[in-house]
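A.B. asks: got a structure for you, letters missing:
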Ligand SMILES: NC(=O)c1ccc[n+]([C@@H]2O[C@H](COP(=O)([O-])OP(=O)(O)OC[C@H]3O[C@@H](n4cnc5c(N)ncnc54)[C@H](OP(=O)(O)O)[C@@H]3O)[C@@H](O)[C@H]2O)c1
């Protein structure tokens, strides 16, 4: 995980000697009304960081978890884990970046703001074939999808994979990558409109998981063989059906809580089918500069080659961060939600 201090350093009381900037600040946890559009101290460069004037900030479910307190963090805090923008200043110990570069970066709760301090180990120069909005829109969900299908469970040709929320931001990228690696994909979603989107990105079969029994339908679709792996970012409401849909020695990758946190489980439930269960976080797969650059290079290459289609389904102004959260939490996303700074 990234150091918390980088975001909190500029939440000191304002004084006339500080430059200020607009940002979204959270002083107490709760519903979207706790998102304050306000003046905070503009971050100051230090020798090991890069000061970025943000163009876009990505909105992710994890931001809602920090807002509600599901993931505790010291308050007050800013929000936002990814952004793209123009390098304004480069710390004296930093190499490989110059003033004026367009970069995309991951950071710890600080990108819903006009400026952010980025760490070089999580920052990438955006290649010319990728626009700054797409770079921002693709980074966190794209790296998540890429590491899920290569590290959590290495998807291979002729696998059958179940992807929950297949029309969502991360889900639709997981689907595209599973197809790229030669798998058959069963996607779940809640509506016909979303089913069309899930099919358009590669799902071979759709299950409406709000009205159909997922495990029964998976058994029907696979002639009783079930699936090799499940990618489940929905959490609480899908966990049991994910288990029931796996074949012997299958893998359940539980990577999110869109419907709520999965309750504690009894380890012996795995022995029934010799299952593998993972609960990965992206940041564990990109903890070094080498890893971050490796996966980001692959990601931008796949976007430039049009293997991955990044769809921005909602663009909100910074001051509309609350509307962006509501949009995501109301299951309206069919791609990426971003803030224009
Ligand atoms: N582990 C990691 O490192 C990591 C990184 C990135 C994201 N994630 C996780 O991935 C998941 C998806 O994130 P995302 O940003 O890509 O969001 P998203 O998929 O665009 O939106 C979430 C989708 O989940 C489905 N859903 C099912 N039950 C829901 C409920 N009760 N409330 C809201 N949505 C519900 C909805 O799709 P339908 O309408 O089709 O049901 C909704 O559109 C989240 O759980 C997130 O935390 C994890």
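C.D. replies: Received, thanks. Since this is a predicted model, take the numbers as computed values, not measurements.

A.B. asks: how about the residues of the stretch 51-200 of the chain by the ligand?
C.D. replies: Selection of the stretch 51-200 of the chain residues close to the ligand by Cβ under 6 Å from any ligand atom yields 60-62, 140-141, 144, 165, 167-171, 189-190, 194. Quick note: C-beta positions are derived from backbone N, CA and C, even for glycine.

A.B. asks: quick one: which of those residues is nearest the ligand?
C.D. replies: residue 168 (2.0 Å; Cβ to the nearest ligand atom).

A.B. asks: show me the chain divided up by domain.
C.D. replies: The record's domain parsing of the chain by automatic domain parsing lists 5-140+284-340, 156-279.

A.B. asks: dump those to a markdown table, plus mean pLDDT and mean neighbour count.
C.D. replies: Output for these, formatted as a markdown table (pLDDT from 0 to 100; neighbours: other Cβ atoms under 10 Å):
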| stretch | mean pLDDT | mean neighbour count |
| --- | --- | --- |
| domain 5-140+284-340 | 93 | 19 |
| domain 156-279 | 97 | 20 |
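
A.B. asks: now the helix or strand hosting residue 193: how far from the chain's centre is it?
C.D. replies: Residue 193 belongs to helix 192-200 when assigned by DSSP states H and E. How far helix 192-200 lies from its chain's middle: 20 Å, per Cα atoms, centre = their mean, to the nearest Å.

A.B. asks: helices or strands next to that helix in the packing?
C.D. replies: Packing contacts for helix 192-200, counted by 3 or more Cβ pairs under 8 Å, 6 or more residues apart in numbering; DSSP states H and E, involve helix 169-180, strand 184-189, strand 205-208.

A.B. asks: of all those, which lies closest to residue 286?
C.D. replies: With Cβ to Cβ as the measure, helix 169-180 is the member of those nearest residue 286 (15.2 Å).

A.B. asks: any idea of the angle that closest one forms with strand 184-189?
C.D. replies: Going by axes from the mean of the first three to the mean of the last three Cα atoms, to 10 degrees, helix 169-180 is angled at 160 degrees with respect to strand 184-189.

A.B. asks: just checking, what packs against helix 169-180?
C.D. replies: The contact analysis (3+ Cβ pairs under 8 Å, 6+ apart) places helix 169-180 against helix 132-147, strand 160-163, strand 184-189, helix 192-200.

A.B. asks: the one helix or strand residue 231 maps to pairs with which strands, and in what direction?
C.D. replies: Using DSSP H and E, residue 231 maps to strand 227-232. With DSSP bridges as the test, strand 227-232 is paired with strand 160-163 (parallel), strand 246-254 (parallel).

A.B. asks: so how far is the next helix or strand after that strand off the chain centroid?
C.D. replies: As assigned by DSSP H and E, the chain's next helix or strand after strand 227-232 is helix 239-244. Distance, stretch centre to chain centre, for helix 239-244: 22 Å (Cα atoms, centre = their mean).

A.B. asks: ok, stretch 161-177 next?
C.D. replies: When C-alpha coordinates are averaged (Cα atoms, centre = their mean), stretch 161-177 and its chain have centres 12 Å apart.

A.B. asks: now residue 241: how far from residue 231?
C.D. replies: As judged by Cβ to Cβ, to the nearest Å, residue 241 and residue 231 stand 13 Å apart.

A.B. asks: make sure I have this right: residue 217 is in a helix.
C.D. replies: Yes - using DSSP: H, G, I helix; E, B strand; the rest coil, the secondary structure at residue 217 is a helix.

A.B. asks: OK, contacts around residue 100?
C.D. replies: 86, 87 (Cβ atoms under 8 Å, 6 or more residues apart in numbering).

A.B. asks: quick thing: my sequence starts at 55, can you match it?
C.D. replies: All right, first residue 55 from here; so that's residue 154.

A.B. asks: can you tell me the element it falls in?
C.D. replies: Here residue 154 is assigned to no helix or strand, by DSSP H and E.

A.B. asks: relative to residue 165, how far out is it?
C.D. replies: Distance from residue 154 to residue 165, by Cβ to Cβ: 20 Å.

A.B. asks: residue 250 too?
C.D. replies: According to Cβ to Cβ, residue 250 stands 32 Å off from residue 165.

A.B. asks: I figured residue 176 hits residue 161, correct?
C.D. replies: Yes - counting by Cβ atoms under 8 Å, residue 161 is a contact partner of residue 176 at 6.6 Å.
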